[in-house]
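how would this look folded up:
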Amino acid sequence: RIALFLEAVAHARGPLPDLAALVVGEGPERAQLEQLALELDLAIGRDVVFAGAVPEADLPAHFAAAQVYVHTGREESFGLSVIEALRLGLPVVSVNEGGPLDTVEQDVSGLLVPATPGGLGDAISRLLSQPDMAQEMGRRGAASIMARYSWERGTRTLLEALRSVRHNTGSNG
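Numbering: from 1, shown residues only. As a prediction, the model looks like this:
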């Protein structure tokens, strides 16, 4: 729902006229999204940058360029990009559905809002107009993600699941 993101950015530009947005990723809707940006009075290259496909190794630099991460995905089952943003210390504005409900703590690491341009735009404005609060949310989000997700914890969880399956199937080997 990048169109929803662009509409939220246009909404937030009222109180934040210098707001700029970055869209990372490539897809068949790019030309339509660029047209929508122009219709929303967002200058491509200044108000909104369409970065296209970005190698995974370059994603941290794109996250680092942001002050807030905005997630508008529909029915995201896990939300890896949200976890990556939180891990890197970004406060998150997300639609209040799907995977982010399990990772974004309301008013702690970010804001969960209705999937509307106004809801998202107001949340973006709130965080960007209160940088101390946004930075604190970013710190809390990073600490939460580091405590919840690690290779060690993932390995331990996988091994426990395998042991449980083996136990429940009666396998001894």
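
alpha carbons only for contacts and neighbour counts from here, please
Will do.

Pick out the least confidently modelled helix or strand of this protein, by mean pLDDT.
Using mean pLDDT, DSSP states H and E, the weakest-scoring helix or strand in the chain turns out to be helix 151-169, at a mean of 83.

Tell me how far residue 142 lies from residue 166.
Look at residue 142 and residue 166: by CA to CA, to the nearest Å, they are 35 Å apart.

of these two, who's got more company?
Neighbours were counted for residue 142 and for residue 166 using other CA atoms under 10 Å; residue 142 has more, 22 against 13.

isn't there a strand covering that one?
No - counting by DSSP: H, G, I helix; E, B strand; the rest coil, residue 142 falls outside a strand, being helix.

Let me see the confidence value for it.
Predicted confidence (pLDDT) for residue 142: 96.

There's contact between it and residue 84 in this structure, I believe.
No - using CA atoms under 8 Å, residue 142 is not in contact with residue 84; the gap is 9.1 Å.

Whatever helix or strand residue 137 lives in packs against which elements?
Following DSSP states H and E, one finds residue 137 within helix 131-148. Applying 3 or more CA pairs under 8 Å, 6 or more residues apart in numbering; DSSP states H and E, one finds that helix 131-148 makes contact with helix 80-87, strand 110-113, helix 117-129.
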